[in-house]
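K.L.:
Need coordinates for the following:
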Amino acid sequence: MNASRAAILALVLPLTFSLTTPADAAQGPQSKGSMSDTTVHLSIHSILPMQIRLPNRVRVIADGRSRVFKTTALTVSDVIKEARIVLGSRDLVNTPLPTQIFEGLQIRVTRIQEVSLIKQVKIPYVVKKVLDRKMLVGKRILKSRGVAGLAEVRLVNTFADGKVVKTRIISRVTIKQAHAAQVVVGTRPRTIDELNWAAVAQCESRGNPRSSNSANGYFGMFQFTLTAWKTAGGVGNPMDYSAAEQLMRAKRLYKIRGWRAWPVCGRLFTR
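P.N.:
Numbering: from 1, shown residues only. Presented below is the predicted three-dimensional model:
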């Protein structure tokens, strides 16, 4: 039997030890079954309990570093100590500290820090609208300017590995009150004569009473169709009549169909 095999059997096979007291040795052999026999039979497992642990590769990420440890540590807590990482009271570990180590485990330590600070912030003012029935719709007059206020805010920023992840306001004290702005807004509808007819005519035909788009059937300063011109009380072709006549017919058509008689340019009436 070679030496290596003998070594393996020594670890595997239980061994027996005979422990004999000095008195027994002096008396010599005794009869079989004698009560004075003090020989004790012991297994090696009761004397030298053996536990073989193989190392595991574990990655530890902390403080901007990533390191791989080949360790026989039992728990995450043991590995952190082995890596000489001191945990703060708020620091987080992605795996519970009592977790047993296994091959390929990744342990990440996140440093948590809270920083208190005081800063002043503006209080925006609101805009209050005052409706005026006598003023034309769309008109706006600034009656009084708004003034922003000022507040002192005490807050706590929570940092995770140097980045702010949460802001908590502790207190807020107003130093200067904000004052609202007031704007007078007209609500009176335009009369038909107050509508922006010049803008619509410019949009439709560049203000040309003799404009003709015969391919699509549109004529005159407001690009009437012959049907629309007839609906407004006109006869013949709009382009054969004066600008004043065309404007009068356009106003009649507006009363019947509204601004949608000019689907695109009619939107200029309200501007």
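
K.L.:
Please enumerate residues in contact with stretch 249-257?
P.N.:
Residues from elsewhere that reach stretch 249-257 (Cβ atoms under 8 Å, 6 or more residues apart in numbering): 192-193, 195, 197, 200, 221-222, 224, 228-229, 231-234, 238, 241, 261, 269. In short, each C-beta sits where N, CA and C put it, glycine included.

K.L.:
To clarify, my last question referred to stretch 66-83.
P.N.:
Contact with stretch 66-83 is made by 53-62, 87, 93, 95-101, 105, 107, 109, as judged by Cβ under 8 Å, 6+ apart.

K.L.:
that older thread, helices - which of the contacts of stretch 249-257 land there?
P.N.:
Taking DSSP state H as the definition of helices, those contribute 197, 200, 228, 229, 231.

K.L.:
Nearest to residue 127 among the residues you listed?
P.N.:
Checking the ones in helices among the contacts of stretch 249-257 against residue 127 by Cβ to Cβ gives residue 200 as the nearest, at 31.6 Å.

K.L.:
count of neighbours near the closest one?
P.N.:
Look at residue 200: counted by other Cβ atoms under 10 Å, it has 25 neighbours.

K.L.:
now the strands: where do they sit in the stretch 151-271 of the chain?
P.N.:
163-176, 181-188, 212-213, 218-219 (DSSP state E, counting those that start in this stretch).

K.L.:
Dump those into TSV; add distance to residue 139, mean neighbour count and mean pLDDT as well.
P.N.:
Output for the strands of the stretch 151-271 of the chain, formatted as TSV (distance: least, Cβ to Cβ, whole Å; neighbours: other Cβ atoms under 10 Å; pLDDT from 0 to 100):
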stretch	distance to residue 139	mean neighbour count	mean pLDDT
strand 163-176	32	10	96
strand 181-188	4	15	95
strand 212-213	35	14	90
strand 218-219	33	22	94
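
K.L.:
export those strands to a markdown table and tack on distance to residue 255?
P.N.:
Below are the strands of the stretch 151-271 of the chain laid out as a markdown table (distance: least, Cβ to Cβ, whole Å):
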| stretch | distance to residue 255 |
| --- | --- |
| strand 163-176 | 54 |
| strand 181-188 | 18 |
| strand 212-213 | 24 |
| strand 218-219 | 20 |
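
K.L.:
Give me the most central residue, the protein.
P.N.:
The centroid of the chain falls nearest to residue 165 when counting by Cα atoms, centre = their mean (10.6 Å).

K.L.:
Could you check how far it is from residue 240?
P.N.:
Going from residue 165 to residue 240 by Cβ to Cβ, to the nearest Å gives 76 Å.

K.L.:
swap in residue 230?
P.N.:
14 Å.

K.L.:
I'd like to know which of the strands of the stretch 151-271 of the chain is closest to residue 143.
P.N.:
strand 181-188 (4.1 Å).

K.L.:
That closest one: how far from the chain's middle?
P.N.:
Taking Cα atoms, centre = their mean, to the nearest Å, the mean C-alpha location of strand 181-188 is offset from the chain mean by 39 Å.
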